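Chemist: with the input below, show me the fold.
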Amino acid sequence: MNYILFDGPSRNNLLPFTYTRPVADIRVGILTIREKWEMYLKTTTTTVTEDYLSDKYPMVEMDENVMINASYLPNQELIDEVLKLKENQAVFKGEDVIAFYTKDTQDSIDLNTFEAIEFEGNCITIENTWDIFSKNGEAIKEDFDLITKDRTSASIPETTVAFNQEEIFIEPGAKLPLCSLNASNGPIYIGKDAEIMEGSMIRGPFALCNNAVVKMAGKIYGPTTIGPYSKVGGEISNSVIFGYSNKGHDGFLGNSVLGEWCNLGADTNTSNLKNNYAMVRLWDYNTEGFAKTGLQFCGLMMGDHSKAGINTMFNTGTVVGVSANVFGGGFPRNFIPSFSWGGSSGFTTYLTKKAFEVAEVVAKRRNVEFTEVDKQILEYIFEDTKKFRKE
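Modeler: Numbers count the residues shown, from 1 in each chain. Below you'll find the predicted structure:
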């Protein structure tokens, strides 16, 4: 069977992260949503997404296809329903379609003609940006069970202090000398060739993905995920970093999400609680205004390729778009459009030529190629987000 993950109606609610990737490639828990589905289905998947992303994330359509809404995270109960699907049957949760089996081409599908099967079980859904961190603890626990089933962890070093060791899993090649791991409140997963340097204190639920690093004396409170090849230090609480991003120095990051290729300069701090303890409002790309989250704690949402200079201060509930460069004293505004350059005193446009020069250097440092397709995606985002920048 051919499985295709589609963005679904939540795609715009997940901006700025879905500017540069399909919903399926959002990381929450230990794995990306795509990696979760592929582990359960034991096969690869392709994607239906925005046209400008399709060269990097193509769709492969065959004679028989099961289409899956990528906002829904799989568990065994949901997988069982998907695997049982027959032609022209669809699994729904209320009015939301989760998956359907079709032999028709994408342009000719009419779900009103499908036999509807109601999914009675529960599963995690990622429908808003803040779901990525607020549901991260549950997602880590589910991924931990999936990844570690019938496997044996590498040994915990004698110099490492570990609490609730049965909930700690260490992949081969990981280094963790003279640190503290407390899995009393949730599992801790240490990926292949990852490193936790001396003096660091980690509380679960926590995931350190392949080749990621916690620098010396890092303090991390769960539920937190550090994506592959990322480097972090200082204090972090209930945050998700997708991958290839750095928060390498002291400073606080809480209830936040960073995309890929981000960098927070030394002593950058995020506020995750308003002084009056009011519920946080976040920039909504659909309404082009600020919308209620229903959360009292919410920090920074930063899209791919964005950077913050040393001593940057982010207000509670700040949204930074793609490829923005934020620096200077004071608090910048709490919505910073993509390709903005500046800080509290104002912003100018960060031209793509300069942004590409930086992206190429940053990618090369991690032995990754910044391709022409990557440039085309960012060029599209630059044009698409012009309306948000005050020239």
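
Chemist: now the residue located most distally from the centre of the chain, nearest residue through space, not along the chain?
Modeler: Computed with C-alpha atoms, centre = their mean, the residue of the chain farthest from its C-alpha average is Thr113, at 34.8 Å. Closest residue to Thr113 apart from its sequence neighbours, by C-beta to C-beta, 6 or more residues apart in numbering: Asn88 at 6.8 Å. In short, each C-beta sits where N, CA and C put it, glycine included.

Chemist: so that neighbour is in contact with Leu111, correct?
Modeler: No: the criterion here is C-beta atoms under 8 Å, and Asn88 misses it with Leu111 at 9.5 Å.

Chemist: shared neighbours of those two, anything?
Modeler: Residues touching both Asn88 and Leu111 (C-beta atoms under 8 Å, 6 or more residues apart in numbering) are Phe100.

Chemist: who has more neighbours out of those two?
Modeler: Asn88 (16 against 13; other C-beta atoms under 10 Å).

Chemist: got a list of what that one touches?
Modeler: Asn88 neighbours (C-beta under 8 Å, 6+ apart): 100-102, 113-115.

Chemist: one more pass at 7 Å, please.
Modeler: 101-102, 113-115 (C-beta atoms under 7 Å, 6 or more residues apart in numbering).

Chemist: just Ile26 next, same as before
Modeler: 14, 17, 32-33, 126, 132.

Chemist: can you rerun that using 10 Å?
Modeler: Neighbouring residues of Ile26 by C-beta atoms under 10 Å, 6 or more residues apart in numbering: 14, 17-18, 32-34, 70-71, 126, 129, 131-132, 240, 242, 257, 259.

Chemist: give me the pLDDT for it.
Modeler: At Ile26, the model reports a pLDDT of 98.

Chemist: likewise for Asp107?
Modeler: Reported pLDDT for Asp107: 68.

Chemist: quick check: bridge partners of Lys247?
Modeler: Val232 (DSSP bridges).

Chemist: from memory it sits against Ser239, does it?
Modeler: Yes: using C-beta atoms under 10 Å, Lys247 makes contact with Ser239 at a distance of 8.8 Å.

Chemist: quick one: the helices in this protein?
Modeler: Read by DSSP state H, the chain holds these helices, from start to end of the chain: 33-41, 76-83, 131-134, 136-148, 352-365, 372-384.

Chemist: how far does the third one sit from the chain's center?
Modeler: Its chain's average C-alpha position is 9 Å from that of helix 131-134, according to C-alpha atoms, centre = their mean, to the nearest Å.

Chemist: quick check: Tyr350 vs Glu360, distance?
Modeler: Applying C-beta to C-beta, to the nearest Å, the value for Tyr350 to Glu360 is 15 Å.

Chemist: an error on my part: the question was meant for Val213.
Modeler: 23 Å.

Chemist: more neighbours: which of the two?
Modeler: Val213 (21 against 16).

Chemist: so which of the helices of the chain gets nearest Glu61?
Modeler: helix 33-41 (16.8 Å; C-beta to C-beta).

Chemist: distance between that closest one and the chain's centre?
Modeler: 15 Å.

Chemist: what mean pLDDT does that helix have?
Modeler: 98.

Chemist: check which helices and strands that helix is in contact with.
Modeler: With contacts taken as 3 or more C-beta pairs under 10 Å, 6 or more residues apart in numbering; DSSP states H and E, helix 33-41 sits against strand 2-6, strand 45-48, strand 65-69, helix 76-83, helix 136-148.

Chemist: residue contacts, the residue nearest to Pro22 when sequence neighbours are not counted?
Modeler: Sequence neighbours aside, Thr49 is the residue nearest to Pro22 in space, at 4.0 Å (criterion: C-beta to C-beta, 6+ apart). Thr49 makes contact with 5-7, 11, 18, 21-25, 56-59, 70, according to C-beta under 10 Å, 6+ apart.

Chemist: buried deepest among the helices of the chain, which one?
Modeler: Per-stretch averages of neighbours, counted by mean count of other C-beta atoms under 10 Å, single out helix 131-134 among those, with a mean of 22.

Chemist: surely Phe206 is in contact with Thr224?
Modeler: Yes: contact status for Phe206 versus Thr224: in contact at 5.5 Å, counting by C-beta under 10 Å.

Chemist: which among the helices and strands packed on helix 33-41 is found nearest to Asn164?
Modeler: Minimum separation from Asn164 across these (C-beta to C-beta) falls at helix 136-148, 12.5 Å.

Chemist: what is the closest one packed up against?
Modeler: So helix 136-148, by 3+ C-beta pairs under 10 Å, 6+ apart, packs with helix 33-41, helix 76-83, strand 168-170, strand 188-190, strand 206-208, strand 224-226, strand 240-243.

Chemist: what residues does Asp131 make contact with?
Modeler: 10, 13-14, 26, 28, 71, 124-125, 139, 257, 293.

Chemist: flag every buried residue along stretch 294-312.
Modeler: Along stretch 294-312, these residues count as buried under the neighbour rule (16 or more other C-beta atoms under 10 Å): 295, 297-309, 312.

Chemist: kindly report the same for stretch 383-390.
Modeler: For stretch 383-390, by 16+ other C-beta under 10 Å, it's 385, 388-389.

Chemist: how far does it sit from its chain's centre?
Modeler: That offset, for stretch 383-390, works out to 24 Å (C-alpha atoms, centre = their mean).

Chemist: ok so, going back, a markdown table for the helices and strands packed on helix 33-41, including distance to Ala324 and mean pLDDT?
Modeler: Below are the helices and strands packed on helix 33-41 laid out as a markdown table (distance: least, C-beta to C-beta, whole Å; pLDDT from 0 to 100):
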| stretch | distance to Ala324 | mean pLDDT |
| --- | --- | --- |
| strand 2-6 | 28 | 96 |
| strand 45-48 | 26 | 96 |
| strand 65-69 | 30 | 96 |
| helix 76-83 | 37 | 96 |
| helix 136-148 | 24 | 98 |
